[in-house]
Structures are given as C-alpha cells and as structure tokens.
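In: what's the 3D shape of this:
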Amino acid sequence: MSHAFRRPALVSIALVAALGLAGCASSASPDAEPGGDATSAATVTVTDNHGEIEVPVAPERVVALDNTTFQTLSDWDIELVAAPKPLMYDLWPNLSGGDDVLDVGLHREPDLEAIISAQPDLIVGGYRFRDIYDDLTAIQPATIETSAREGEEQVAELKRQVEILGQVFDREDDAKKLADDLDSAVADAKAAYNGTDTVVGLLTSGGKISFAAPGEGRGVGAVFPTLGLVPGIDRGAENASHGDDISVEAIAAANPEWLIVLDRDAMFGEDGYVSAKELIEGSEALQNVPAVQKGQIVYLAPSFYLDEGIQAYTTLYADIATAFAAAA
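Out: Numbering: from 1, shown residues only. Next up, the predicted model:
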C-alpha cells in the first residue's frame, strides 16, 4: 500500500543540542564500532534508494524504522537499540524488546531524540519514515532506505531489499532463499491461474468496503500485473493507499469470479470491528456473485497491513496459488 504522510516539524534546537551531546557517537565514520577501533570494522558499499553508501557489516547498534524490513530482521535475530514500537504492535517482540529498546514512536511525530540517544551504527529508514531521511542522515550518515520504490516492479523491489539487507547483515545466503521463495510462490500462482477468470481487489476498514485498483499501490493492487490477472473492474485509483469508494451493487455488477481482500482492521480488534468476511459474504447484494457463491475469495493475512515485507508477499502469492489450484 502506498502512503503519503506530511513531514513532521523538525526538532531544530533540541536536535542540534542532542547531536552535540551525542558527540562522536552519532557523527563517527560508519566504520567505527562503539568503543572500538574505527579501522578494524568491516564495511560494505551498497546501493540503496539514494545511491551508493558505505555502511558497517553486521552493525552492533541498529535502529530500524521501516516496517517492511521487520520480519527479516526478526528472523535474522538482529537486535535493535530503537524502533517505532506502536507500529510493531505485538508482531515482533524480539525486536521491540523491553525498556532497553528505545521507542521512536509513530511516523507522524517521530522522537528523533530517542534515535540520537540510541547512538546507532546504522539506521534502516524509509517507507513510512521516508520524509525524515535528511534528519536521520544528520544523526547517522550510515542510513539506508530499501523499501520498494514507486513505479518499479514490486517483486524485483522486494528481492532488491533483502539483497541489500543480506549484504549489510552478512546474511546473503538467507536473502537469496527469501528471494527464491518469493519467485517460487509467484510462479506457482501464475501456473495455477487459468488466464481468464476476472478478479476484483477490495479493502475493508471501519465497516466499509473500498476498491483496490489493479496495478496501483501495494498489497492487493500489486498482484494484478505480477500475475497477469484479468480485472473485473478496470479503473485507475483515486486513493491507492486507502482504496476508493465502491458500492456493493457495483461489485455485483462486475460479477467477478474471484475477490482478493485486505482487511485493514483485522489485527486490531477494536470496538465495533466488522470483519471483511462479514461485510462481503454477509452482503445480500453479493450473494449471486460467482466469487461469493463458489467461495473464491482470498483474504490476506491479518498482519499484512503492518508487515508488507517479502515474507508477507510470499505468503500472499502462495495462498493465491493454493486457491486457484483448488478451484481448477
């Protein structure tokens, strides 16, 4: 899902003062290890979203802000010194930790002083936090952004991200395995699709159904060009992040064979929550739609909205492959 967020106000005087207090810990060469010999640390040059950058290999003090990297970092047992804990919910307890992991807060009002206090050797920025990139590089020049770039092919971008992370954390074999798993899931889904069934992508939130335009944004929309799906409703997006207004009557008129659905609220279980399943399968207007009649609905994992990493997409494509194959 694409996101557009306003840039938070700079912490200006407080940031400058805190940077001064942090001293060489925040302005040191990326080669330096905390308390160690700056010339002894291994470094690697990677190409992130901003170009070539030299960063330490297997850095000891890591701040990670990009939620699309969290599952990979968690699986690789990377310990963090600061993280956006509210954004992590309870999905990655080994990353968010206890009081020893400082809380950066959410992207709308990030706590830059927490990042400074963490004295990172490396910052993994980007995605929701991309608007504060300049602030992050002022704190630690060894800041990388690896999240998928707009306008680029989604699967290639997911693989590029883990390749970079593999170089940085000396886990290149593990990164290749993640890329291969994604390729395999995509290939299985392509092979299982009959090439003619129409598909409509939907989002649900706040008790409402929205339309996910094919080829737009991330998540649901991204699977259409990757798998060559035939859209049941073929129109561009007005809001690629949150979906566009659509009536159940319009979905019924499209008469799709398949629905692919992201329930944005599924992880949170707030008061008044209505599930995507209830909204769609319980709708009287949709009872005669082939996708509903045949049970040909693929629901994304509840954690997808908070995750969006390569593992989440691999699971999504594997689920689509399984559903298509079962229908065939």
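In: for the stretch 101-250 of the chain, what are the low-confidence residue spans?
Out: By pLDDT under 70, the weakly predicted segments of the stretch 101-250 of the chain are 236-244.
In: what are the ranges of the strands in it?
Out: Ranges of strands in the stretch 101-250 of the chain, per DSSP state E, counting those that start in this stretch, are 102-103, 122-125, 143-145, 198-205, 208-212, 230-231, 244-245.
In: most tightly surrounded among these?
Out: Across the strands of the stretch 101-250 of the chain, averaging neighbours per residue (mean count of other Cβ atoms under 10 Å) puts strand 122-125 on top, at a mean of 28. Yep, even glycine has a C-beta here, placed from its N, CA and C like the rest.
In: Kindly reformat the strands of the stretch 101-250 of the chain as a markdown table containing distance to residue 292.
Out: Output for the strands of the stretch 101-250 of the chain, formatted as a markdown table (distance: least, Cβ to Cβ, whole Å):
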| stretch | distance to residue 292 |
| --- | --- |
| strand 102-103 | 43 |
| strand 122-125 | 41 |
| strand 143-145 | 41 |
| strand 198-205 | 11 |
| strand 208-212 | 12 |
| strand 230-231 | 18 |
| strand 244-245 | 20 |
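In: Looking at these, spot the one closest to residue 293.
Out: Checking these against residue 293 by Cβ to Cβ gives strand 198-205 as the closest, at 14.1 Å.
In: Could you measure from residue 290 over to residue 259?
Out: 10 Å (Cβ to Cβ, to the nearest Å).
In: Which one of those two is surrounded by more residues?
Out: residue 259 (24 against 15; other Cβ atoms under 10 Å).
In: a strand runs through that one, doesn't it?
Out: Yes - looking at residue 259 with DSSP: H, G, I helix; E, B strand; the rest coil, it is inside a strand.
In: any shared contact partners between residue 290 and residue 259?
Out: Common neighbours of residue 290 and residue 259, using Cβ atoms under 8 Å, 6 or more residues apart in numbering, are residue 296.
In: okay, now the domains of this protein?
Out: Taking automatic domain parsing as the reference, the chain has its domains at 12-152, 179-327.
In: what's the closest of the ones you listed to residue 169?
Out: domain 12-152 (5.8 Å).
In: How far does the closest one sit from its chain's centre?
Out: 16 Å (Cα atoms, centre = their mean, to the nearest Å).
In: Make sure residue 103 is actually in contact with residue 82.
Out: Yes - with contacts counted by Cβ atoms under 8 Å, residue 103 reaches residue 82, the gap being 7.4 Å.
In: joint contacts of the two?
Out: residue 114.
In: Show which residues not belonging to stretch 302-312 make contact with it.
Out: 1, 67-72, 75, 87-89, 91, 127, 158-159, 161-162, 178-179, 182, 218-219, 262-264, 266-267, 301, 316.
In: give me that answer again for 7 Å
Out: Applying Cβ atoms under 7 Å, 6 or more residues apart in numbering, the contact partners of stretch 302-312 are 67-72, 89, 91, 158, 161-162, 178, 182, 218-219, 262-264, 266-267, 301, 316.
In: Name only those of those residues that count as buried.
Out: Buried members of the contacts of stretch 302-312, scored by 16 or more other Cβ atoms under 10 Å, are 67-72, 91, 158, 161-162, 178, 182, 218-219, 262-264, 266-267, 301, 316.
In: tell me the contacts of residue 231?
Out: 198, 199, 214, 224.
In: so what's residue 127 closest to, chain neighbours aside?
Out: Nearest residue to residue 127 in three dimensions, chain neighbours excluded: residue 147, at 4.0 Å (Cβ to Cβ, 6 or more residues apart in numbering).
In: quick one, what contacts residue 143?
Out: Residue 143 neighbours (Cβ under 7 Å, 6+ apart): 123, 125, 136, 137.
In: same thing with residue 265?
Out: 205, 273.
In: For the remainder of this discussion, apply numbering that starts at 25.
Out: Sure, I'll start counting at 25 from here, so that last one is residue 289.
In: how near is it to residue 232?
Out: For residue 289, the distance to residue 232 - Cβ to Cβ - is 10 Å.
In: now do residue 207
Out: Applying Cβ to Cβ to residue 207 and residue 232 gives a distance of 35 Å.
In: Of the contacts of stretch 326-336, which belong to helices?
Out: 94, 95, 96, 182, 185, 186, 202, 206, 340 (DSSP state H).
In: Am I right that the fifth one is in contact with residue 170?
Out: Yes - applying Cβ atoms under 7 Å as the test, residue 185 and residue 170 come out as touching, 4.3 Å apart.
In: Find the residues that touch each one of these two.
Out: With contacts defined as Cβ under 7 Å, 6+ apart, no residue is shared by residue 185 and residue 170.
In: I figured residue 96 hits residue 189, correct?
Out: Yes - counting by Cβ under 7 Å, residue 96 sits close enough to residue 189 to count as a contact (5.8 Å).
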